[in-house]
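In: let me see the structure of the following:
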Amino acid sequence: MIGLRTLRAGHAHTAIRFALVGVTNFFVSFAVFLLAFNHLPDVVQRHFPAAALANLLAYLAGMVNSFLLNRAWTFRASGSTAEQALRFAVVNLSSLALSSGVMYRFVDVLRYPEIAVWVPTTLAVMTLNYLGCKHWAFARSAQPSSKAT
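Out: As a prediction, this is how the structure comes out:
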């Protein structure tokens, strides 16, 4: 029983740390999104969908922050940084494609308010990212024991 309680507590602490990093990412991304959406040069806005491009820039800023904080603090990952970075990028770029598609469809095509779409989209993507990071990107690999029994 004690082991199970400790295991659950460990998962709860990891989820809380991930959420705190997510809050940090939210503010970093939100600031970049607003700056990009409101200050893209006209020539850029004529050739690219403004909300999708602003979302891309915001997502990339949050992604860098997220990798650094989650690897070191949330999951306290060890092992190959390059392998984890690649997996982390796959998880995050998949989410980026999904969120950018949502932004394009609902803001650029259907003309919904950008903030009303961006906020819930970001929250859903954070949930998907947690699952991908926990179970794949930063998951401890099963290493065979070097001790003979």
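In: so where's the protein uncertain?
Out: Across the chain, the stretches falling below the confidence threshold (pLDDT under 70) are 1-10, 141-149.
In: check which helices and strands the longest helix along the chain sits against.
Out: Ranked by number of residues, the top helix in the chain under DSSP state H is helix 2-39. In this structure, helix 2-39 makes packing contacts with helix 50-69, helix 114-132, judged by 3 or more C-beta pairs under 8 Å, 6 or more residues apart in numbering; DSSP states H and E. For the C-beta atoms, the positions are set from N, CA and C on the backbone; glycine is no exception.
In: so what's the residue lying closest to residue 51 once chain neighbours are set aside up against?
Out: For residue 51, the nearest residue in space outside its immediate sequence neighbours is residue 107; the separation is 3.9 Å by C-beta to C-beta, 6 or more residues apart in numbering. Applying C-beta atoms under 8 Å, 6 or more residues apart in numbering, one finds that residue 107 lies in contact with 51, 52, 113, 114, 117, 118.
In: so what's the first one up against?
Out: In other words, residue 51. Taking C-beta under 8 Å, 6+ apart as the definition of contact, the neighbours of residue 51 are 37, 103, 104, 107, 108, 114, 117, 118.
In: list the contacts for the fifth one?
Out: Spelled out, it's residue 108. Residue 108 is in contact with 49, 50, 51, 52, counting by C-beta under 8 Å, 6+ apart.
In: ok, the last one touching residue 105?
Out: No. Between residue 52 and residue 105 there is no contact, the gap being 9.4 Å when judged by C-beta atoms under 8 Å.
In: just the buried ones from the contacts of residue 107?
Out: With neighbours counted using 16 or more other C-beta atoms under 10 Å, those contain these buried positions: 51, 52, 114, 117, 118.
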